[in-house]
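Asker: I would like to see how this sequence folds:
(2 chains)
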Amino acid sequence: AQSVTQLGSHVSVSEGALVLLRCNYSSSVPPYLFWYVQYPNQGLQLLLKYTTGATLVKGINGFEAEFKKSETSFHLTKPSAHMSDAAEYFCAVRAGGGADGLTFGKGTHLIIQP
Amino acid sequence: DTAVSQTPKYLVTQMGNDKSIKCEQNLGHDTMYWYKQDSKKFLKIMFSYNNKELIINETVPNRFSPKSPDKAHLNLHINSLELGDSAVYFCASSPGGYNSPLHFGNGTRLTVT
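Answerer: All right, here's what the predicted structure looks like:
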């Protein structure tokens, strides 16, 4: 079964600093990976998704993620944090066939220090 | 023109009551889902429907019953509500391909007192 593990339930960075949110996947087949963001009292918004063949994926709001098969990782980064980036971030993997939905990691709460 | 809309946004009710949450998507997607997010933000799939047919029914109490009158609607009915049912429930839809993301509604925060 496909699964993802997010390292660090809380990450705190200063405004303007690099954001790095970690995600490792476990999959016996090529994974389909996604990053979502959840702002307080809102639904989940897609940041980016991994498409087979591309190792660096660009998303919205200046975020990007790098797929590393050798490390089974799909870490999310942003060069310069902004106060508006404070939110909950979820890594997810396709559970199986199309109707199987996504399996989510436990989430990382990103805190931006002024 | 919200893509996935849920009603109500907040639902406060007493133990033992029966309640429903409605979901509609205008994206033309074939697959719809219900997810439950607990107080620790953990998201777990409950059900998925493809073209009105139940595909996934995870281990949830049979007090939860989804109903899909057409492929644009997926409602969730909950009988005999319990304190532990308090959570945020999200509806989502997807075209269904392997690399297709899910599109989420804004959630329904259910509080059982």
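Asker: all helices for chain A, in order.
Answerer: Shown for chain A, no helices are assigned by DSSP state H.
Asker: what does chain B have sitting close to chain A?
Answerer: B:4, B:31, B:33, B:35, B:40-45, B:48-50, B:55-56, B:90, B:92, B:94-107, B:109 (C-beta under 8 Å from any C-beta of the partner chain). Glycine gets a C-beta too; all of them are placed from N, C-alpha and C.
Asker: end-to-end on stretch B:66-78?
Answerer: 9 Å (C-alpha to C-alpha, to the nearest Å).
Asker: mind listing what's buried along stretch B:86-100?
Answerer: Applying a neighbour-count criterion of 16 or more other C-beta atoms under 10 Å in any protein chain shown, one finds B:86-94, B:96, B:100 buried in stretch B:86-100.
Asker: show me those that map onto strands.
Answerer: Per DSSP state E, strands hold the following members of these: B:87-94.
Asker: which one of the residues you listed is nearest chain A?
Answerer: Nearest to chain A among those is residue B:90, at 6.2 Å by C-beta to the nearest C-beta.
Asker: nearest spatial neighbour of the closest one, chain-adjacent residues omitted?
Answerer: residue B:35 (4.5 Å; C-beta to C-beta, 6 or more residues apart in numbering or on different chains).
Asker: and the one you found, what are its bridge partners?
Answerer: residue B:45, residue B:90 (DSSP bridges).
Asker: for it, grab the count of nearby residues.
Answerer: 25 (other C-beta atoms under 10 Å in any protein chain shown).
Asker: residues contacting it?
Answerer: Contacts for residue B:35 (C-beta atoms under 8 Å, 6 or more residues apart in numbering or on different chains) come out as A:101, B:43-46, B:89-92, B:104.
Asker: of all those, which comes closest to residue A:45?
Answerer: residue B:104 (7.6 Å; C-beta to C-beta).
Asker: I figured residue A:75 hits residue A:25, correct?
Answerer: No - at 10.9 Å, residue A:75 and residue A:25 do not qualify as touching, with contact defined as C-beta atoms under 8 Å.
Asker: the two: which has the busier surroundings?
Answerer: residue A:25 (23 against 19).
Asker: where does chain B get nearest to chain A, which residue?
Answerer: Counting by C-beta to the nearest C-beta, chain B gets nearest chain A through residue B:96, at 3.5 Å.
Asker: ok, residues contacting the lowest-mean-pLDDT helix or strand in chain B?
Answerer: Ranking every helix and strand in chain B by mean pLDDT, DSSP states H and E puts strand B:53-57 at the bottom, with a mean of 80. Here strand B:53-57 makes contact (C-beta under 8 Å, 6+ apart) with A:99-101, B:31, B:33, B:45, B:47-49, B:66, B:68.
Asker: would a markdown table of those with pLDDT be doable?
Answerer: Below are the contacts of strand B:53-57 laid out as a markdown table (pLDDT from 0 to 100):
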| residue | pLDDT |
| --- | --- |
| A:99 | 70 |
| A:100 | 79 |
| A:101 | 88 |
| B:31 | 92 |
| B:33 | 95 |
| B:45 | 94 |
| B:47 | 92 |
| B:48 | 91 |
| B:49 | 89 |
| B:66 | 93 |
| B:68 | 92 |
